[in-house]
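Q: could you look at this predicted model? Sequence included:
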Amino acid sequence: MRTRAGLLLTSVLLPCLVAYGLDRSRDRNPVLVPGDYTTKWIIPSTEQPATLIGEVVERKSVRGIKGKACVVSELPRYGQLVFDGVPDWRFDLVLDESKGTGTGYDTLYLDVNHRHDFRDYVRFAASRANTDGSVSFYGVLSLLVKRLFPESRNRNDGKIDLVFGNTDETPMQGDVYLRGYWKGDIESDVGKIPVRLMDGNANGQYSDRWVWVVGDSSGVGDAVILDWDRCGFENMKPDTVVPYPVAQPVSLGGKLYQFEPSASGDRLSVSLYHGPVARVSIQPGGSDPIAANASRVIAAGALGAFSIPVDGSMTDVPAGTYNSLVVSAELHEQSGQTWKLSYVDTAPFLVREGEILRLRLGGQVHFCIAHGPEPLRLHRGKTAPMATTVRVGERSISGLHVSSSNGTSDGPVAYVRDAAGLTVAKGASRGDGSLTCWIQVPRQLKPGEYSVECSLDTGPFAGVLQSSAVLTVD
């Protein structure tokens with residue numbers, strides 16, 4: 001007999017952890033109509049209600065599966081996903097107890113590629129433990145997406161939500177549902193705007209507040225996505241997708257709103273934010289290359305992340321403490337080459353209720369190798385990190401991304417030189433915006449004192465920055 005708890009194929013447009021603040025509505029001035037709206041459940045690509053399409057069954061034998069399962073438990077559970085009307089479509093799976101027999105099933109191995117080979121299984125850690133003693137797992141079943149949605153452009157349209165009982169007495173069974181997302185329309189001064197609810201932390205509820213990452217403009221939680229261009233959610237380009245966090249203020253057209261979905265996702269309330277508010281703007285940049293070419297500024301704090309217009313106009317933000325300022329700049333050279341720079345200013349600042357605050361961007365860029373009073377020390381035959389720091393004006397920053405229309409900057413690069421000035425080792429960042437250089441020291445290098453020179457190319461924003469230091473190799 002099938003149970004209500006089971007395998008749910010959900011469509012989550014973005015990963016759990018999504019970057020907030022690429023506010024494509026900055027060139028619009030939308031006015032939303034507050035009110036309560038209803039939503040309906042939509043299947044990706046088909047726009048039909050959710051239907052039951054299969055079940056989970058227990059497998060008594062692993063005969064026919066290649067390789068050996070890498071399990072810890074002495075009592076692993078074996079099963080299959082079976083789909084209605086597709087008898088040859090069975091996905092093998094294994095439930096394991098990674099902490100030992102009797103500790104509870106917390107690991108899932110799934111044959112996502114349908115190859116019946118333990119060596120090719122994809123491992124999923126438990127996503128949450130449920131109050132009824134069951135445990136849930138999440139992941140993408142791409143082969144299923146391709147079969148069910150041949151016209152879909154997004155291979156992440158099908159996500160699995162696999163729920164099992166957490167004791168060995170519980171039969172391995174469940175239901176497989178074809179799932180999608182909650183969709184509705186919000187009234188505005190330019191007509192109806194399609195809205196989609198996003199279960200950002202994939203727990204089956206749509207009203208969870210975001211938890212923001214300190215020092216960044218990203219977080220995890222539930223959100224709504226607005227289709228401003230009415231092109232259809234599946235046709236939206238990635239850089240036009242903006243997740244607006246639920247149950248907290250969001251800035252649209254200079255006004256603050258709140259989106260509050262019901263936990264089940266069938267209703268959405270839109271209201272104006274009535275908490276304490278301040279007004280913020282960006283001071284004109286003058287001749288400073290960063291400030292004069294600022295293209296996007298995001299203030300991130302406990303209440304969320306808010307886009308601040310770079311044209312000097314005022315915008316409302318919730319009063320409170322902001323722990324970071326995300327700055328992006330775009331500079332066009334006469335040669336036709338375009339340079340982009342972005343960084344996170346990690347100096348916190350307070351905005352009081354009723355205050356009018358003008359933020360200053362840019363300033364002289366300082367770059368140096370980070371070390372204490374003792375010389376840097378590296379070990380032969382090892383790859384070791386060497387930190388660098390960057391300040392813009394008098395403010396320290398975290399992470400720095402520089403790119404041009406001809407490619408992406410390599411970040412900081414380092415050269416270790418001997419007394420004769422010959423390069424004996426090199427180092428570079430890993431291309432993730434980090435300000436850390438990873439230096440590989442040859443095993444045959446003689447112990448002793450060396451110099452290290454580090455450089456960072458910022459293009460026309462501040463040129464090539466350099467710093468040097470003494471290091472000891474042992």
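A: Received, thanks. Numbering: from 1, shown residues only.

Q: after the one helix or strand residue 329 maps to, which helix or strand is next?
A: Per DSSP states H and E: residue 329 is located in strand 320-332. As assigned by DSSP H and E, the chain's next helix or strand after strand 320-332 is strand 338-345.

Q: and residue 291, helix, strand or coil?
A: helix (DSSP: H, G, I helix; E, B strand; the rest coil).

Q: just give the closest residue to it, not the sequence neighbours.
A: residue 285 (2.8 Å; Cβ to Cβ, 6 or more residues apart in numbering). C-beta here means a position set from N, CA and C on the backbone, and glycine is covered the same way.

Q: report how many residues lie close to the one you found.
A: For residue 285, the count of nearby residues is 18 (other Cβ atoms under 10 Å).

Q: before we move on, what about residue 254?
A: When neighbours are counted by other Cβ under 10 Å, residue 254 comes out with 16.

Q: how about residue 351?
A: Neighbour number of residue 351 under other Cβ under 10 Å is 22.

Q: check contacts around the residue nearest to it when sequence neighbours are not counted.
A: Using Cβ to Cβ, 6+ apart and skipping residues adjacent in sequence, the residue nearest residue 351 is residue 278, 4.3 Å away. Shown in contact with residue 278 (Cβ atoms under 8 Å, 6 or more residues apart in numbering): 316, 317, 318, 319, 351, 352, 353, 354, 355, 356, 357.

Q: want to throw those into TSV with secondary structure?
A: Shown next, in TSV, are the contacts of residue 278 (three-state DSSP):
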residue	secondary structure
316	strand
317	strand
318	strand
319	coil
351	strand
352	coil
353	coil
354	coil
355	coil
356	strand
357	strand
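
Q: which among the residues you listed end up buried?
A: Those of these that meet the buried threshold are 316, 317, 318, 319, 351, 357, by 16 or more other Cβ atoms under 10 Å.

Q: so can I have a markdown table of the residues you listed showing distance to residue 403?
A: Below are the buried ones among the contacts of residue 278 laid out as a markdown table (distance: Cβ to Cβ, whole Å):
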| residue | distance to residue 403 |
| --- | --- |
| 316 | 32 |
| 317 | 29 |
| 318 | 32 |
| 319 | 35 |
| 351 | 31 |
| 357 | 30 |
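
Q: closest one of these to residue 338?
A: Of all the buried ones among the contacts of residue 278, residue 317 has the smallest distance to residue 338: 29.6 Å, by Cβ to Cβ.

Q: so the closest one makes contact with residue 275?
A: No. In this structure, residue 317 is not within contact of residue 275 by Cβ atoms under 8 Å, at 10.6 Å.

Q: give me the neighbour count for residue 359.
A: Neighbours of residue 359 using other Cβ under 10 Å come to 18.

Q: if we ignore the residues flanking it in sequence, what's nearest it?
A: Nearest to residue 359 is residue 282, by Cβ to Cβ, 6+ apart, at 5.5 Å.

Q: burial of the one you found, as a residue count?
A: Neighbours of residue 282 (other Cβ under 10 Å): 21.
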